Each structure stands twice: as structure tokens, then as C-alpha cells.
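S.K.: Coordinates for the following, if possible.
(2 chains)
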Amino acid sequence: MSTDNRSDAVPPDGTDVAQLRSRIEELEAELASLQDDEGDGRKKMTIIATKGTLDMAYPPLILASTAAAFGWEVIVFHTFWGLDILHEEKSEDLQLSSVGNPNMPVPNALAALPGMDLLTTRMMNRRIAENGTATIRELIDVSIESGVHLQACQMTADLMDYEDDDFYEGVEVGVGAATALKHMGEADIQLLV
Amino acid sequence: MTDDITVSERVDATGQTCPMPVIEAKAGVDRLSSGQVLEVLATDKGSVSDIEGWAAATAGVELLDQAETEADGERVYTHYVKRTE
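M.R.: Numbers count the residues shown, from 1 in each chain, chains lettered A, B, ... in the order given. Down below sits the predicted model:
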């Protein structure tokens, strides 16, 4: 048997080398397709943001922008009041909800009084400024700049009469539950806020 | 150890809170070439754990050192982050 003619060589046990080669090619193709499905190996996080109060607007945006700094792929799917975070006008004026919130500096009976949310929100905004905490607007800008996908649920946007151009530039519109589920299925981390 | 480190770029995240020191560090590292070191200044106490966690979990980033100093009665946390790829 000549050594420079290995491709036609038949091993002692009679295994067909050509057959093995084609099997290796098959497996390599399968592996490549699996690796494609895995994407670039980056972690993926999907957050569903459903709340639009000032305090509940922070966690999704802080986690999203930080995860982007980790190099993760991040999708934040905003639905119901979570849409207000992406609404250019409304996001500048998110309120705290004093009633039923045990962390508020006022008891519930007072919290229900007109103007109380305005007062506690003003206090909170002052604390945010004094503390050097980023504003919602800043976190949205950072998120979009760093490649976070901020998505606005189409059904609830229609429900609330929000137009596409009510949202910040860069917000992805025309998405629904199936899109959210697709991303959740692919994600390493899924959060509902 | 900090004496041996050659810093190529510096970002100042003093006065900013979570998550900004990490966000600023990431933006700073992106401006470096492989092998260069970024110095991150922060006053956020949480930045010590946060930058350590970020560097450990992020490809292409290595935390070389962290130092704590006091300037004008305020604690300043200095982080040295190397871009490795």
C-alpha cells in the first residue's frame, strides 16, 4: 500500500474511508449550523417592562445598559405602562405612585390626596439630581447608543393611542407577543419588570 | 502595583452613580487598542464591586488594580482596566 495514496486506503478492519470522510463533512456542516443558531456566543437577556412609574422605569434601563457594557445582546420589550418609558414626552414626566407604596414618606390616607404624587415625585427627582443618578432620558440614550433593542409593543401602543413617532428615535416598533417570546426563548436571562 | 501601570486613557465618572461608572468604563475601553490601559475614576462606592464583576464577565477586559484614595474629603475609587483583545 503506498503512503501517498491514503484517500483510497482501506484500514485493516475494512472501514470505508470515503464513507468516513463524508460522515465527517456531514457532522461539520451540522456543527456549523448549530454554531450559527448559537449566534456569536454572546449572552442574551430579554426584559419585559410593563410599569411606567418613575421607580419602576429604572431597573429595566439600568440592567439593560449595564448588560450592553458586558457585551450582551439585550432586548427590552415594553408593554402597557412600560411604553411610557419610551414615549419621548411622557418619559420626561414619569410619576411616583404614592398610594399603596409603603416606601413613601407619607401614610396612605395622605397619599391619596390630590397633588401628593406630584409632591413625592418632585422629592424623588430632587434626590436623583443630588445623588448624581442618571435620568431616565440619559439611560435611554446610553441604551440605544450601546445597541440595546428597545421595543414598543404594537398592540398596547395602539390601545394607548401612541404613534410611532411619539417614541424616541431608535425605538423598534411593530412587534408583538410572538417577537417577545422568540427573544425570551433564545435568552439566557428573562425578566419581567 | 499601580506605579507600574502605564495609563493610555482616563475617564472621570466621579459624581455619577450606578450604572454610569461601568458604562463609562466600557465606552473608555472601546477607545483603547489591545494592550492599553484605562483609568476610571469614580466616587460611587459600588463601583469597586461593579467594575470587578463587569471585568470578570466581559471578554477582552482585564481588571489590573483598584485603589482607594481621599480627595477633598471625598473617597475616590480608581480602577485600572486593560483591554486584552
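S.K.: Let's test this: mean pLDDT of stretch B:18-36, rounded?
M.R.: Averaging pLDDT along stretch B:18-36 gives 95.
S.K.: how about that stretch: buried residues?
M.R.: B:18-29, B:32, B:36 (16 or more other CB atoms under 10 Å in any protein chain shown). Just so you know, the C-beta spots here come from the backbone N, C-alpha and C atoms, and that holds for glycine as well.
S.K.: Could you restrict the residues you listed to the ones contacting chain A?
M.R.: Among the buried residues of stretch B:18-36, proximity to chain A is found for B:Cys18, B:Pro19, B:Met20, B:Val22, B:Ile23, B:Ala25, B:Lys26 (CB under 8 Å from any CB of the partner chain).
S.K.: Check the secondary structure at the first one for me.
M.R.: Secondary structure of B:Cys18, reduced to three states by DSSP: H, G, I helix; E, B strand; the rest coil: coil.
S.K.: Excluding covalently adjacent residues, which one is nearest to it?
M.R.: B:Gly46 (5.3 Å; CB to CB, 6 or more residues apart in numbering or on different chains).
S.K.: repeat for A:Phe167
M.R.: Closest residue to A:Phe167 apart from its sequence neighbours, by CB to CB, 6+ apart: A:Leu86 at 4.7 Å.
S.K.: Tell me how many other residues crowd that neighbour.
M.R.: Counted with other CB atoms under 10 Å in any protein chain shown, the neighbours of A:Leu86 add up to 28.
S.K.: Distance-wise, check it relative to A:Lys51.
M.R.: 13 Å (CB to CB, to the nearest Å).
S.K.: For stretch A:62-76, give the mean pLDDT please.
M.R.: For stretch A:62-76, mean pLDDT rounds to 96.
S.K.: cool, stretch A:160-174 as well?
M.R.: 94.
S.K.: can you check stretch A:103-116 too?
M.R.: Stretch A:103-116 comes out at a mean pLDDT of 82.
S.K.: how far out from the middle of the chain is that stretch?
M.R.: 33 Å (CA atoms, centre = their mean, to the nearest Å).
S.K.: Give the buried residues for that stretch.
M.R.: Those would be A:Met104, A:Ala111, A:Met116, for stretch A:103-116 by 16+ other CB under 10 Å.
S.K.: Mind picking the one among those that's closest to A:Met56?
M.R.: A:Met104 (13.9 Å; CB to CB).
S.K.: quick one: least confident helix or strand in chain A?
M.R.: helix A:108-111 (a mean of 82; mean pLDDT, DSSP states H and E).
S.K.: Show residues contacting that helix.
M.R.: A:Ser98, A:Val99, A:Gly100, A:Asn101, A:Met104, A:Met116, A:Thr120 (CB atoms under 8 Å, 6 or more residues apart in numbering or on different chains).
S.K.: where does the chain have low pLDDT?
M.R.: Picking chain A for this. A:1-14, A:36-40 (pLDDT under 70).
S.K.: Sorry, I should have been clearer: chain B.
M.R.: Scanning chain B for pLDDT under 70 picks out B:1-2.
S.K.: any idea how far the nearest residue to A:Thr135 once chain neighbours are set aside is from A:Lys90?
M.R.: When the adjacent residues along the chain are set aside, A:Thr135 lies closest to A:Ile128, with 6.8 Å between them (CB to CB, 6+ apart). Distance check for A:Ile128 against A:Lys90: by CB to CB, it reads 17 Å.
S.K.: who's in contact with residue 68?
M.R.: I'll assume chain A. A:Val74, A:Ser143, A:Ser146, A:Gly147, A:Val148, B:Lys26.
S.K.: I was after chain B.
M.R.: Contacts of B:Glu68 by CB under 8 Å, 6+ apart are B:Val48, B:Arg75, B:Val76, B:Tyr77, B:Thr78.
S.K.: With that, I have no additional questions.
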